[in-house]
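Peer 1: sequence and predicted structure are below.
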Amino acid sequence: MYGDVALGLDPIPRLSVYVTKDLLFGETDTAVDDHGVEGVGSVVSATWAEAFPEHLRANDAGYAAPERCLAAHLLPSDAPVHLEVCNASFDDNVTRRLQGALARDTHDEILDPRGVQLWADDRRADETLARLREGALAFPTLPEALGMLGVDEERARTAASSMRERDASRGRSVRGDVV
């Protein structure tokens, strides 16, 4: 399916995967402290960490980073994939990230809004998959998509250029966000 989407008017150099993560409070299991990573047992399952210590990852502060652990567990390090994990829906996160990035003039933080939901609540979006295979979904270019969200034409082109530079990087990249 990646190939089908990538062959549009504005090809993407890497696949972006968006995962909505529920925040779990108060659910902990036995903490493990022999990995040198704080938060095992609270933000990352201690049982999982014991089974897969090679995939355990921390943020810059030394605290377990679930999104980095997930990427290490699922994706080879050289995969041209960006994994985005957030507690909000894709639409909400796109809008909020766009507003914040435009206010700070940090265009490389914008999410590509051209998303297709293919899986939710343990159900495949069979109709969407079929439309993709038939070539019946028209994807706008990135500047056009940003324009649909209210970004003026010149700024949309500038932002799209920054986003393409970001996406030209090699290997996997990961970002965790809480909205």
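Peer 2: Ah, there it is.

Peer 1: neighbours of the closest residue to residue 88 other than its chain neighbours, just the number please.
Peer 2: Distances taken as CB to CB, 6 or more residues apart in numbering put residue 179 closest to residue 88, at 3.8 Å, once the chain neighbours are dropped. (Each C-beta comes from the backbone N, C-alpha and C, glycine too.) For residue 179, the neighbour count with other CB atoms under 10 Å is 12.

Peer 1: got it, and residue 139?
Peer 2: By other CB under 10 Å, the residues close to residue 139 number 16.

Peer 1: pretty sure it contacts residue 112?
Peer 2: No - the criterion here is CB atoms under 8 Å, and residue 139 misses it with residue 112 at 10.0 Å.

Peer 1: who touches both of these two?
Peer 2: Shared contacts of residue 139 and residue 112 (CB atoms under 8 Å, 6 or more residues apart in numbering): residue 145.

Peer 1: helices of this structure, residue ranges please.
Peer 2: Assigned by DSSP state H, the chain shows helices spanning 2-6, 46-51, 66-74, 90-104, 126-134, 142-148, 153-167.

Peer 1: now the angle between helix 153-167 and the fourth one, please.
Peer 2: In other words, helix 90-104. Here helix 90-104 runs at an angle of 110 degrees relative to helix 153-167 (axes from the mean of the first three to the mean of the last three CA atoms, to 10 degrees).

Peer 1: ok so, going back, now the helices of the chain in JSON lines, with distance to residue 17 and mean pLDDT?
Peer 2: JSON lines is the format used below for those (distance: least, CB to CB, whole Å; pLDDT from 0 to 100):
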{"stretch": "helix 2-6", "distance to residue 17": "10", "mean pLDDT": "44"}
{"stretch": "helix 46-51", "distance to residue 17": "20", "mean pLDDT": "88"}
{"stretch": "helix 66-74", "distance to residue 17": "9", "mean pLDDT": "93"}
{"stretch": "helix 90-104", "distance to residue 17": "11", "mean pLDDT": "91"}
{"stretch": "helix 126-134", "distance to residue 17": "16", "mean pLDDT": "73"}
{"stretch": "helix 142-148", "distance to residue 17": "18", "mean pLDDT": "91"}
{"stretch": "helix 153-167", "distance to residue 17": "13", "mean pLDDT": "91"}
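
Peer 1: returning to what we had before: thought the residue nearest to residue 88 was touching residue 98?
Peer 2: No - the pair residue 179 / residue 98 is not scored as a contact, 12.0 Å apart, by CB under 8 Å.
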